[in-house]
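Visitor: below are the sequence and a predicted model; questions follow.
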Amino acid sequence: MDEGRSSQLWDHTASLMAFLVNLKRTKRSQKLARPSEFHPHLRAAEGGLDIASTEGRTKFREAFAGGKRRTYKASDMKTATETQRTQR
């Protein structure tokens, strides 16, 4: 039962990840990402992208940040009161 729930949650997450990668494509000639490339339960069967490995993280960064590493600190985040002030 746990594996089924985990697989269901990963279906959703993998779909979102594939959607975001496809959204950030710069050329129409680039291959479309499929959710199975990010889904860990389907990885063994289809040889998908392993984001836990160094190579997988590099590919993921290239898709989202142009290969750049970004580090965020807690001070970079707005507090709830700052967000409310900007919305008014």
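Guide: Cool, the structure landed. Given the structure is predicted, the values throughout are model-derived calculations rather than measurements.
Visitor: distance of residue 27 from residue 75?
Guide: Taking C-beta to C-beta, to the nearest Å as the criterion, residue 27 is separated from residue 75 by 37 Å. In this view, the C-beta of every residue, glycine as well, is placed from N, C-alpha and C.
Visitor: hey, where'd the helices end up in the protein?
Guide: Assigned by DSSP state H, the helices in the chain fall at 2-23, 43-46, 54-65, 80-87.
Visitor: and these as TSV, adding distance to residue 36 and mean neighbour count?
Guide: Formatted as TSV, these follow (distance: least, C-beta to C-beta, whole Å; neighbours: other C-beta atoms under 10 Å):
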stretch	distance to residue 36	mean neighbour count
helix 2-23	7	14
helix 43-46	5	10
helix 54-65	14	14
helix 80-87	37	9
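Visitor: as TSV, these with distance to residue 37 and mean pLDDT would be great.
Guide: As requested, these are exported to TSV (distance: least, C-beta to C-beta, whole Å; pLDDT from 0 to 100):
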stretch	distance to residue 37	mean pLDDT
helix 2-23	7	87
helix 43-46	7	50
helix 54-65	10	77
helix 80-87	34	63
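Visitor: now distance to residue 32 too, for the ones you listed, in JSON lines please.
Guide: Listed next are the helices of the chain as JSON lines, based on distance: least, C-beta to C-beta, whole Å:
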{"stretch": "helix 2-23", "distance to residue 32": "6"}
{"stretch": "helix 43-46", "distance to residue 32": "15"}
{"stretch": "helix 54-65", "distance to residue 32": "12"}
{"stretch": "helix 80-87", "distance to residue 32": "35"}
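Visitor: of all the ones you listed, which lies closest to residue 34?
Guide: Proximity to residue 34 (C-beta to C-beta) singles out helix 2-23 among the helices of the chain, at 5.9 Å.
Visitor: report all helices and strands that that closest one contacts.
Guide: Where contact means 3 or more C-beta pairs under 8 Å, 6 or more residues apart in numbering; DSSP states H and E, helix 2-23 is packed against helix 54-65.
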